[in-house]
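>>> Predicted structure and sequence below. I'll ask about it afterward.
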Number of protein chains: 2
Amino acid sequence: MPEQTTGSRPTLEAVAARAGVSRATASRVVNGGAGVRPPLVDKVRQAVEELGYVPNQAARTLVTRRNGAVAVIIAEPEFRIFSDPFFEQQVRGISRELTAYDSQLVLLWVEGPGDYDRIARYLGGGHVDGALAFSLHNDDELPAIIRRVQVPTVFGGRPGWPGAASELAVPYVDCDNRGGAREAVRHLVSLGRRHIAHIAGPRDQTSALDRIDGYRDVLLDADPELVRQGDFTADSGARAMAELLDRRPDLDAVFAANDLMASGALRTLRERGRRVPQDVALVGFDDMASVVETTDPALTTVRQDIEGMGRLMVRLLMRVLNEGEPGAGAPASVITPTTLVRRASA
Amino acid sequence: MPEQTTGSRPTLEAVAARAGVSRATASRVVNGGAGVRPPLVDKVRQAVEELGYVPNQAARTLVTRRNGAVAVIIAEPEFRIFSDPFFEQQVRGISRELTAYDSQLVLLWVEGPGDYDRIARYLGGGHVDGALAFSLHNDDELPAIIRRVQVPTVFGGRPGWPGAASELAVPYVDCDNRGGAREAVRHLVSLGRRHIAHIAGPRDQTSALDRIDGYRDVLLDADPELVRQGDFTADSGARAMAELLDRRPDLDAVFAANDLMASGALRTLRERGRRVPQDVALVGFDDMASVVETTDPALTTVRQDIEGMGRLMVRLLMRVLNEGEPGAGAPASVITPTTLVRRASA
DNA sequence: CGATCTTCAGAGAGCGCTCCCACCCCGGCC
DNA sequence: GGCCGGGGTGGGAGCGCTCTCTGAAGATCG
């Protein structure tokens, strides 16, 4: 490991000496200056300025046991989807909110199963005050690690196994997938559509499952033939659309579980000579700018505030951190609302 | 700032007591165990295991002045290009290499001019051993900050002003843009093409400038009309291609400064009824998988090892950190080779 | 067989900071 | 005018670790 080359930086001791006060007083000023008389405050401030003093974080952490850093854990398959603007936005939200709390973002990138050891060691090493983790699958090792090293954590997206949040005392932030889906389908119903199909996402993602549930909430007796599954990619959407048209040529509306699949469906619909929205109305989910604005017709979709969810994750984590010990159970998870954005496709 | 809720973790003292040795011996074992007799080593190891001991990084940093963390500074406009797989790959390379050095990646996200204060404070606060920064423009404040706080740094991409690296004693890692461009153009020449156009990138990026230079190296007396400028987006490539065809309908080859612009050019060529590669041969730059494999015909392009460049940045930084004081000037920057990948378009 | 050398373990001094506590000084009170 | 109280300040004890230095062994040699 490397050696710090920056020459010796001034210490609090030096500041105190220059200002003609004790180290304790200098410390008080540096940390806000409460309970120190104005003339002294000024003297210390000036000394800090002149010396270019910056507190040594390690020393501070050693005694306060807080280090002003939060880990963001990203598993490789997820990160690959950075091209999916989803993560970019969420991380941006997290980053922004963290600066408000004067905390830093430490990126923990999980490449494979072997990496979990490293992650566990890091999390357990007290390098960070807390952790933010994303959309876990059932078999993920992370929950076990989190329980073991007891690091305060907030999940992004509802974890994929029942009772996870309460069991682990780990809250999560997710958007109202089910409610959003309901709104999308109700909108199609209100348009007078009678045979509304659904292109669902992968079964191991709670967001996809919740969206199916929302669809079913509205269409209690929907023909199972009207639901096909994709994997959130455009191609899978195109394939699913083709199958749907083969099985139920009479369908007059489609709710796709994300925008990418909706764009694929749109392609198929055009190839098959169906006009959108006249013959088939189409609604997506996510309001992903790069997709939604480039389709023709522009896509009606369900918007979720992704950056806001990132910020919320941070705020929730900070609350966990501040409540601390008092036997406080898991703070409630947060479900953010969605809004239907009407464009040309439905 | 938050409070650490994890209960008190075992200290080295506790490990030493349990193993029946002194704190010093326990420390030696934890740090590799050199110079300690095997039976004692085992005893300490066992104690560590039983207690679940993890060294307190803050305490360690306090005395060693090394903290095993490196900042990656990403400015907003660049990060927006996370959708551009370029950054994803580079950050992945950095992340991978850092784990090899047992260092962590701290993401510093610059949102605007005001943020530089925060960055400077952080960098100056000794939170990280060094920093990695990307493709700076002339007016960037970062170099000034780096000089002021004296944090060891490595740039990704050649900085945009002359002598920057040597002035700042900051090395950089870049690919051989000029050589790669030369190879691309030579390839077109070897195909018997006589009127080879170039779609250049923005003038404020050194990579774009170097690629023009490479083009001119080969075609010393190229008609200026054969060079148009884009901004690295597909649309700009399409526009530039249209202008080129208007001005020089006789052109029979195009070298685009990146794959995205090449894909745009391809679109225009098809619209204008030019066959690729029969009528017009086309070469891109970057070998960006998502573009290169989806174009029709598949794109011949110049590959750069982006992940490798990320890793190289880390290795260079580690070298800077380890050399340390001995009046060592800036370590030499590294230019990585490029390779021409022949596909169908040229 | 004693003197010198070589290991290897332990004692102890900090690293730079925060925070508890003792102390001082001054105003207000009896 | 002595006493109490409280705001302000300084002293000093650590936080958990590394690392130098000392010293006790055992190994080697004349």
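Ah, there it is.

>>> and the nearest residue to A:Val30 once chain neighbours are set aside, how many neighbours does it have?
If the residues on either side of it in the chain are set aside, A:Val30 comes closest to A:Pro55, at 6.2 Å by Cβ to Cβ, 6 or more residues apart in numbering or on different chains. Glycine gets a C-beta too; all of them are placed from N, C-alpha and C. A:Pro55: 18 surrounding residues under other Cβ atoms under 10 Å in any protein chain shown.

>>> On the three-state scheme, A:Ile74 is what?
Here A:Ile74 is recorded as strand under DSSP: H, G, I helix; E, B strand; the rest coil.

>>> and what of A:Gly35?
Strictly by three-state DSSP, A:Gly35 counts as coil.

>>> Assumed A:Leu245 was part of a strand.
No - if the criterion is three-state DSSP, then A:Leu245 is helix and not within a strand.

>>> Let me know whether it touches A:Glu271 as I believe.
No - with contact defined as Cβ atoms under 8 Å, A:Leu245 and A:Glu271 do not form a contacting pair (9.8 Å).

>>> more crowded one of the two?
Just comparing A:Leu245 and A:Glu271: by other Cβ under 10 Å the higher neighbour count belongs to A:Leu245, 20 against 12.

>>> For B:Ala26, see how far away the residue lying closest to the more buried one once chain neighbours are set aside is.
Nearest non-adjacent residue to A:Leu245, counting by Cβ to Cβ, 6+ apart: A:Arg272, 5.7 Å away. Distance from A:Arg272 to B:Ala26, counting by Cβ to Cβ, to the nearest Å: 72 Å.

>>> cool, A:Gly112 as well?
Counting by Cβ to Cβ - A:Gly112 and B:Ala26 are separated by 32 Å.

>>> repeat for A:His187
For A:His187 relative to B:Ala26 (Cβ to Cβ), the value is 66 Å.

>>> which one of the two has more residues nearby?
More crowded of A:His187 and B:Ala26, by other Cβ under 10 Å: B:Ala26, with 27 against 20.

>>> I figured that one hits B:Val44, correct?
Yes - between B:Ala26 and B:Val44 there is a contact under Cβ under 8 Å: 5.3 Å.

>>> Find the residues that touch each one of the two.
The contact sets of B:Ala26 and B:Val44 overlap at B:15-16, B:19 (Cβ atoms under 8 Å, 6 or more residues apart in numbering or on different chains).

>>> Could you pull out the buried residues of stretch A:242-251?
Buried residues in stretch A:242-251, defined by neighbour count with 16 or more other Cβ atoms under 10 Å in any protein chain shown: A:242-245, A:251.

>>> TSV for these, including distance to A:Arg193 and pLDDT?
Below are the buried residues of stretch A:242-251 laid out as TSV (distance: Cβ to Cβ, whole Å; pLDDT from 0 to 100):
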residue	distance to A:Arg193	pLDDT
A:Ala242	20	97
A:Glu243	19	97
A:Leu244	14	97
A:Leu245	15	97
A:Leu251	9	97
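
>>> Out of those residues, the closest to chain B would be?
A:Ala242 (20.1 Å; Cβ to the nearest Cβ).

>>> So that closest one is in contact with A:Leu269, correct?
No - counting by Cβ under 8 Å, A:Leu269 is not a contact partner of A:Ala242; they are 9.5 Å apart.

>>> quick one, strands of the stretch 1-150 of chain A?
Using DSSP state E, counting those that start in this stretch, the strands of the stretch 1-150 of chain A run over residues A:69-75, A:104-110, A:130-134.

>>> Can you show me the CA trace of the last one as CSV?
As requested, the backbone C-alpha atoms of strand A:130-134 are provided in CSV (Å, rounded to 0.1, in the frame of the first residue of the first chain):
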residue,chain,number,x,y,z
GLY,A,130,-23.8,2.4,6.5
ALA,A,131,-24.6,0.7,3.2
LEU,A,132,-27.0,1.1,0.3
ALA,A,133,-27.7,-2.1,-1.7
PHE,A,134,-29.8,-2.8,-4.7
